[in-house]
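A.B. asks: what's the 3D shape of this:
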Amino acid sequence: MTQKPAFICMKVSLILLFLQLLQPAFSQYNFTQADALLQQHQQQLGNNVVALVYKNGKLVYQKEMGGFNSNTPARIASCSKWLTAALVMTFVEEGKLNLDDKVGKYLPIFDTYGKSYITVRQCLSHLSGIAADKPGLLSFIKISRYSTLEVEVNDFASKNEIEAKPGSAFRYSAVGLNIAGRILEVISKKPFDRLMTDRIFKPLGMKNSSFASEKAVNPSGGATSTAADYMNFLTMILNKGMFNGKRLLSEASIAEMQQSRTHGLSITYTPAAGEGFEYGYGEWVQEKDAAGNSTVVSSPGLFGTWPLVDMGRQYASIIFVKTLLNEQRKDVYLQLKQAFDAAMK
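C.D. replies: Numbers count the residues shown, from 1 in each chain. This is a model prediction of the structure:
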């Protein structure tokens, strides 16, 4: 009669021991500060918010608020630029495009209007020197009126003046990345949105993401995605081009994208979200180490979504919303970044 209770006690003890061993895995990161910030600023962020943090091969934080969840699609505006830069690099790796190629090589209309000497590299880093409208709702609406990407880019060549020597001044706009997107269409003889689906979205399992549009596709700001989908892209960046054991981009391409191209250059225009940062290809350089290497890169969008990769602390995060980003909200995102950093310690 005494053996059965003893066996039960031993079994219970083993279960408790097992749970104690598991406990550090679940309590490894303390996101109490991030939770408090999200609760405090939920209304300011538009009420519908998803926050995800990925580290060590898995999501370590997931917060869904309001009517949003990780699979809710929304327009991501300038977060699209990071995707477009990555797509360009797939062509570079295949030898179909060189970053130092002149745009006139693929788009003869730039020869016609004396702008052929602008390079693909300069387009990816907003150093084309072409004048442009400031990003915002008005420019977003203007772009949406074009019937095709070709028509829009032809307008850049024929109607927009050169305001600075290419490579000498930074002007954040839709011009450069959309020129690069059009070049990919010419090289491949395929529409931009199909290229993105075949080369980026499908390999990364981004099933709810698209650049599809009733009118002109917009490589700079026309993507729709979800927090979960975009996190797949971020994990690929964090893992230096690898996703689920397969290589999408080389380590060299990831490093090329992350290298600052604007250090010491004059700034013609930068949005509030990017003030104080430098720029690589389709992404902001938020932080650098003592040697000048990029350690934190991001690509915030007009509608408020802020994806980020921290190579130093080895994590990726995204705050996914769909209301307009403003200067005050940038402070909230930077506070959340500090909270995530603190949780990683």
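A.B. asks: secondary structure class for residue 87?
C.D. replies: Judged by DSSP: H, G, I helix; E, B strand; the rest coil, the three-state class of residue 87 is helix.
A.B. asks: so, low pLDDT: which residues of this protein?
C.D. replies: Within the chain, the segments meeting pLDDT under 70 span 1-27, 135-143.
A.B. asks: mind jotting down where the strands sit in it?
C.D. replies: Using DSSP state E, the strands of the chain run over residues 49-55, 58-65, 74-75, 169-171, 224-225, 242-243, 246-247, 266-269, 278-279, 284-288, 294-298, 306-310, 315-320.
A.B. asks: relative to residue 190, which of the ones you listed is closest?
C.D. replies: When those are compared by CB to CB, strand 224-225 sits nearest residue 190, at 19.7 Å. (Each C-beta comes from the backbone N, C-alpha and C, glycine too.)
A.B. asks: is it true that residue 66 touches residue 49?
C.D. replies: Yes - judged on CB atoms under 8 Å, residue 66 makes contact with residue 49 at a distance of 6.3 Å.
A.B. asks: which one's more surrounded, the two?
C.D. replies: Higher neighbour count among residue 66 and residue 49: residue 49, with 25 against 15, using other CB atoms under 10 Å.
A.B. asks: does the more buried one touch residue 319 like I think?
C.D. replies: Yes - taking CB under 8 Å as the definition, residue 49 is a contact partner of residue 319 at 6.9 Å.
A.B. asks: possible to save the strands of the chain as JSON lines with distance to residue 108?
C.D. replies: Shown next, in JSON lines, are these (distance: least, CB to CB, whole Å):
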{"stretch": "strand 49-55", "distance to residue 108": "44"}
{"stretch": "strand 58-65", "distance to residue 108": "48"}
{"stretch": "strand 74-75", "distance to residue 108": "33"}
{"stretch": "strand 169-171", "distance to residue 108": "24"}
{"stretch": "strand 224-225", "distance to residue 108": "32"}
{"stretch": "strand 242-243", "distance to residue 108": "37"}
{"stretch": "strand 246-247", "distance to residue 108": "35"}
{"stretch": "strand 266-269", "distance to residue 108": "27"}
{"stretch": "strand 278-279", "distance to residue 108": "28"}
{"stretch": "strand 284-288", "distance to residue 108": "33"}
{"stretch": "strand 294-298", "distance to residue 108": "34"}
{"stretch": "strand 306-310", "distance to residue 108": "36"}
{"stretch": "strand 315-320", "distance to residue 108": "40"}
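A.B. asks: compare these and give me the one nearest residue 146.
C.D. replies: strand 74-75 (17.0 Å).
A.B. asks: so what are the sheet partners of that closest one and their directions?
C.D. replies: Counting by DSSP bridges, the strands paired with strand 74-75 are strand 224-225 (antiparallel).
A.B. asks: and the helices in the stretch 51-200 of the chain?
C.D. replies: Ranges of helices in the stretch 51-200 of the chain, per DSSP state H, counting those that start in this stretch, are 80-93, 109-112, 120-124, 137-144, 149-159, 175-188, 192-196.
A.B. asks: I'd like to know which of those is closest to residue 341.
C.D. replies: Closest among those, using CB to CB: helix 80-93, at 21.0 Å.
A.B. asks: show me what the closest one is packed against.
C.D. replies: Packed against helix 80-93, as judged by 3 or more CB pairs under 8 Å, 6 or more residues apart in numbering; DSSP states H and E, are the following elements: helix 120-124, helix 175-188, helix 192-196, helix 227-238, helix 251-258.
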